[in-house]
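Participant: From the sequence below, what's the structure:
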Amino acid sequence: MARAPRPRNDMASQTTYGFTRLLLESRASVAHITLRNEPLNIIDIGMMDELFAALAEIESRPEISVIVIHGEANCFSAGVDVAGHTPDKVGSMLEKFHRVIRTLIATRKVTIAAVYGHCLGGGAELAMVCDLVYTAEDAQWGFPEIQLGCFPPIAVTALSALMGQKRASNLILTGRTITGTEAAAIGLASGAARAEQLERVVNETVRKLSSLSPAALGIAKKAIYAWDSIHFDKGLARAEQIYLDELMQTEDAHEGIRAFMEKRPPKWKGR
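Facilitator: Modelled structure (predicted):
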């Protein structure tokens with residue numbers, strides 16, 4: 001299967017940084033983060049740490065005004081590592097992943113997600129908090145956590161602000177998968193294009209943003225943000241508490257995770 005193209009800005013020489021779970025490259029005012037944990041670019045603890053470090057590096061570079069996030073090969077990300085949801089790891093996992101999300105939300109740099117293939121669970125949450133999201137029409141979006149007896153904390157906090165409560169509930173409570181075309185139609189993505197055209201769409205947006213004032217972009221982003229960052233932070237903290245203090249105390253949550261790891265259907269007990 002051919003690899004999905006990675007959008008690039010060729011205005012200046014490239015700087016590459018060394019990571020094991022991702023690739024960070026910068027050219028002039030644009031930084032590219034590529035998730036590299038094939039085949040599905042699962043977001044494990046190691047990738048969370050590297051994402052936070054990469055974002056910190058980008059934040060220290062005032063000349064960078066745009067961040068583009070995409071996945072290696074034909075996949076954005078199929079989500080957070082299920083193994084990180086076990087009782088001994090889930091608290092640390094949530095803290096590290098949500099640290100990345102909070103950093104993305106707080107940055108004044110314009111963030112773009114370029115989505116091919118699977119964009120599920122934590123991968124979809126990572127994409128949805130970006131300012132602009134461009135998706136291949138045949139990409140597969142969804143929040144399947146409910147099928148594991150869990151829920152997606154970032155999506156339950158912010159998805160209603162993007163597409164409305166009924167649409168958000170439909171995705172979160174059913175765990176169904178939708179195409180990139182539908183994701184764009186309901187407001188989860190900024191636009192959808194055929195996979196072979198997506199690179200051009202993203203590059204055109206990057207070129208336009210690169211010609212604008214970084215200071216003005218940062219201030220405009222603050223002014224038009226989809227939801228108030230203070231309310232988001234409070235809402236996510238509440239979702240984290242419910243996740244750890246209530247959800248992870250249920251037998252069903254542990255059964256769902258065990259069943260997934262053992263590759264068998266879960267046996268729900270309703271408690």
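Participant: mind listing what Met48 touches?
Facilitator: Applying CB atoms under 8 Å, 6 or more residues apart in numbering, we find Met48 in contact with Met93, Lys96, Phe97, Arg99, Val100. For the C-beta atoms, the positions are set from N, CA and C on the backbone; glycine is no exception.
Participant: which among these end up buried?
Facilitator: Members of those that pass the buried threshold by neighbour count (16 or more other CB atoms under 10 Å) are listed as Met93, Lys96, Phe97, Val100.
Participant: Can you say which two of those residues are spatially most distant?
Facilitator: Across the buried ones among the contacts of Met48, no pair lies farther apart than Met93 and Val100, at 11.2 Å, counting by CB to CB.
Participant: coming back round to it: give me the subset of the contacts of Met48 lying in helices.
Facilitator: Mapping the contacts of Met48 onto helices (DSSP state H) picks out Met93, Lys96, Phe97, Arg99, Val100.
Participant: residues contacting the last one?
Facilitator: The reference is to Val100. Here Val100 is in contact with Met48, Leu51, Phe52, Leu55, Leu126 (criterion: CB under 8 Å, 6+ apart).
Participant: Any figure for the gap between the closest residue to it other than its chain neighbours and Leu198?
Facilitator: In space, Val100 comes closest to Leu51 once its chain neighbours are excluded; the distance is 4.7 Å by CB to CB, 6 or more residues apart in numbering. Leu51 sits 22 Å away from Leu198, taking CB to CB, to the nearest Å as the criterion.
Participant: hmm, back to that, tabulate the contacts of Met48 (TSV), appending pLDDT and distance to Phe143.
Facilitator: What follows is the contacts of Met48, written out as TSV (pLDDT from 0 to 100; distance: CB to CB, whole Å):
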residue	pLDDT	distance to Phe143
Met93	95	17
Lys96	97	19
Phe97	97	14
Arg99	97	20
Val100	97	17
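Participant: Redo the residues you listed as TSV? Include distance to Lys222.
Facilitator: Written out in TSV, the entries for the contacts of Met48 read as follows (distance: CB to CB, whole Å):
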residue	distance to Lys222
Met93	29
Lys96	26
Phe97	24
Arg99	20
Val100	20
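Participant: just those residues now: which is nearest Ser211?
Facilitator: The shortest approach to Ser211 among the contacts of Met48 belongs to Val100, at 28.6 Å (CB to CB).
Participant: all strands for the protein, in order.
Facilitator: For the chain, the strands identified by DSSP state E occupy 14-17, 22-27, 30-35, 66-71, 110-115, 118-120, 132-136, 140-142, 177-179, 191-193, in order along the chain.
Participant: Which strands and helices lie in contact with the fourth one?
Facilitator: Going back to what we said before, that points to strand 66-71. When contacts are defined as 3 or more CB pairs under 8 Å, 6 or more residues apart in numbering; DSSP states H and E, strand 66-71 sits against strand 30-35, strand 110-115, helix 122-128, helix 195-210.
Participant: Leaving out sequence neighbours, find the closest residue to Tyr243.
Facilitator: In space, and not counting its chain neighbours, Tyr243 is closest to Pro153: 5.4 Å by CB to CB, 6+ apart.
Participant: right, I mislabeled it, should have said Pro62
Facilitator: For Pro62, the closest residue by CB to CB, 6+ apart turns out to be Pro214, at 7.4 Å.
Participant: Does that neighbour touch Arg61 like I think?
Facilitator: No. Checked against CB atoms under 8 Å, the pair Pro214 and Arg61 is beyond contact range at 10.5 Å.
Participant: The two: who's more crowded?
Facilitator: Pro214 (18 against 13; other CB atoms under 10 Å).
Participant: Let me see the contact set for that one.
Facilitator: Contacts were defined as CB under 8 Å, 6+ apart; by that measure Pro214 touches Ser29, Pro62, Glu63, Ile64, Ser65, Lys109.
Participant: So the fourth one is in contact with Val110, correct?
Facilitator: No. Counting by CB under 8 Å, Ile64 stays clear of Val110, with 10.0 Å between them.
Participant: Neighbour count: these two, which is higher?
Facilitator: Val110 (24 against 19).
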